Each structure stands twice: as structure tokens, then as C-alpha cells.
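**Q** pasting the sequence and the predicted model now:
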Amino acid sequence: MVVGGQVTGQIEKGVLVLLGVARDDGEADARVLAEKIAGLRIFEDEQGKMNLALGDVAGAALVVSQFTLLGNCRKGRRPSFTDAAPPEKAERLYEVFVQMVADHGVRVATGRFREHMHVELVNDGPVTLMLDSRQLMAGRRGT
């Protein structure tokens, strides 16, 4: 990841997390996502099955704040970002999330919040998953 011509975050094997923080998100959302990402078995074992987590492969996480994930394109031709958290709240929860992922023993690299970033990705697979904290928390409650 490059910001202003300088590399600010870089990983080898691991995951690129594009993190969108919604207006009504809180620390519980950050916690459930961090736990899920750290434990998600998405790396191949010796039989080629997706059976290993970040810790099993000495993987890292590159976490990028991405408010545009909350863009609502249902009406008109310009996305609405009213569902995105205000920058101050989003930055605080972004930092909380980064720390929670690290607390699970995962090395974390980041960009810079609210900066224009150039992100490069080599997607080995490709495997792309979308996680929603509300769906994850609803699953925990059995709904």
C-alpha cells in the first residue's frame, strides 16, 4: 500500500481487509469481525482443502479503511454514503478493529485513514468473501 509515494503497509501471505464502518456500528461489530477474520479457514492445507487460518500459515492482514463499501446505489446514478459512519467514529472503530485483529496474534499492516491510497493485490485463487457483522452476530443468537 502506497500513500504519498511511500509504502505504508505491506504483507506477503495473508488477507486484504477492506473495512467499511457503518453509522450504527460499535465495538461489538469490530470484535466479531476481528474474531472471524483471524479464525477463518480460507488457506489450503496439504490436500488442497481450505482448512487453515491466518495463524496456521503465518499470514498477516492488510487493513484498509473503505467507506465506499457503504455506498448505496439503489437510487439515481450517484452513490449515497449516508449509511457510512462519520469520519471520527469510523477512524476510532477502524483502530479498534486493527488492534483486535492483532490481539488474535495476527500481524497487521495498514494504510492511513482518510488518505488517498494505492493498493496492490495479488489474489491467489481468487477467493473473495464479504463479511457483515450484523449477519455474524445474528448467527450467534441463532436467528
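**A** The structure has been received and is ready for your questions.
**Q** so which elements touch the helix or strand of the chain with the lowest mean pLDDT?
**A** The helix or strand of the chain with the lowest confidence, counting by mean pLDDT, DSSP states H and E, is helix 133-140 at a mean of 85. Contact here means 3 or more C-beta pairs under 8 Å, 6 or more residues apart in numbering; DSSP states H and E; on that basis helix 133-140 packs against helix 27-39. Quick note: C-beta positions are derived from backbone N, CA and C, even for glycine.
**Q** what angle sits between the helix it packs on and helix 133-140?
**A** 80 degrees (axes from the mean of the first three to the mean of the last three C-alpha atoms, to 10 degrees).
**Q** contacts for helix 27-39, please.
**A** 15, 17, 19, 22, 53-55, 61, 93, 96-97, 100-101, 103-106, 131, 133-134, 136-137, 140 (C-beta atoms under 8 Å, 6 or more residues apart in numbering).
**Q** got a ChimeraX select line for the buried ones in the residues you listed?
**A** A single ChimeraX command selects the buried members of those (16 or more other C-beta atoms under 10 Å):
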select :15,17,19,22,53,54,61,93,96,97,100,101,104,106,133
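**Q** inside helices: which ones of the contacts of helix 27-39?
**A** Using DSSP state H, the subset of the contacts of helix 27-39 located in helices is L93, V96, F97, M100, V101, D103, S133, R134, L136, M137, R140.
**Q** got the confidence number for the third one?
**A** Looking at F97, its pLDDT stands at 98.
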